[in-house]
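Next one to model:
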Amino acid sequence: MTRTPSRTQRPCRALALAALLVPLAIAACAPTTQGAASPPVLASGPQSTPAPAAPPAATVPTVPPPPASASDVLAQGRAPFDACYALARKIRPDLPRTSVEMTFAMDADGKLLTVDFAYRHRMDDAAKDCMRKAAEGLTFPPSLRGKQTGTIVFTPP
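Modelled structure (predicted):
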């Protein structure tokens, strides 16, 4: 003979089953952050809310310090000058390792007023014009306003 539960026992079983399933349903629907979802926690007592995970540390891009000298500015903007030296070597393949001293004068706003060159080895006019255009494309920080001198050294490949 099978026994059927009384009407008062059915709601209790339904509540017990709901008490087990609701936390599972909530855990399954909760959004997850990086990595695998944590397993659901079954508790018979009052639910405690876990402390939220700390947000990932924000990565702040590092900004390089401003150049400290005209030579630093030349080093950062070297590529156009190297192209000028390559042009000079096409015209004069025997051009050896050489240095070019550049003296810049900037106004208070940082606009280039003049640039003068002192070459260790003579370069043709096309290479000089190229170097002047490359120098005009440089940007100097406020700390280097006025008259500045920097040197760049070229070595044959």
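
Just list the residues touching the nearest residue to Glu136 once chain neighbours are set aside, thanks.
Distances taken as C-beta to C-beta, 6 or more residues apart in numbering put Leu112 closest to Glu136, at 5.8 Å, once the chain neighbours are dropped. Backbone N, C-alpha and C define where each C-beta goes, glycine included. For Leu112, the contacting residues are Phe104, Ala105, Met106, Ala135, Glu136, Leu138, Phe140, by C-beta atoms under 8 Å, 6 or more residues apart in numbering.

how about 10 Å then?
Counting by C-beta atoms under 10 Å, 6 or more residues apart in numbering, Leu112 touches Phe104, Ala105, Met106, Ala135, Glu136, Gly137, Leu138, Thr139, Phe140.

of those, closest to Ala75?
Of all these, Ala75 sits closest to Leu138, with 10.9 Å by C-beta to C-beta.

Would you agree that closest one is in contact with Lys111?
No. Using C-beta atoms under 10 Å, Leu138 is not in contact with Lys111, being 11.4 Å away.

List the buried residues of whichever strand or helix holds Val153.
Using DSSP states H and E, Val153 falls within strand 146-154. Neighbour counts using 16 or more other C-beta atoms under 10 Å place Gln148, Gly150, Ile152, Phe154 of strand 146-154 among the buried residues.

Please apply the same query to stretch 116-134.
Neighbour-count burial for stretch 116-134, counted by 16+ other C-beta under 10 Å, picks out Met123, Ala127, Lys128, Cys130, Met131, Ala134.

Name the next helix or strand following the least confident helix or strand in the chain by mean pLDDT along the chain.
Ranked by mean pLDDT, DSSP states H and E, the weakest helix or strand in the chain is helix 9-29, scoring a mean of 53. Where DSSP H and E defines the elements, the next helix or strand beyond helix 9-29 is helix 70-76.

now for that next one, which elements pack on it?
When contacts are defined as 3 or more C-beta pairs under 10 Å, 6 or more residues apart in numbering; DSSP states H and E, helix 70-76 packs onto strand 98-106, helix 125-136, strand 146-154.

Swap in 8 Å and give it another go.
Applying 3 or more C-beta pairs under 8 Å, 6 or more residues apart in numbering; DSSP states H and E, one finds that helix 70-76 makes contact with strand 98-106, strand 146-154.
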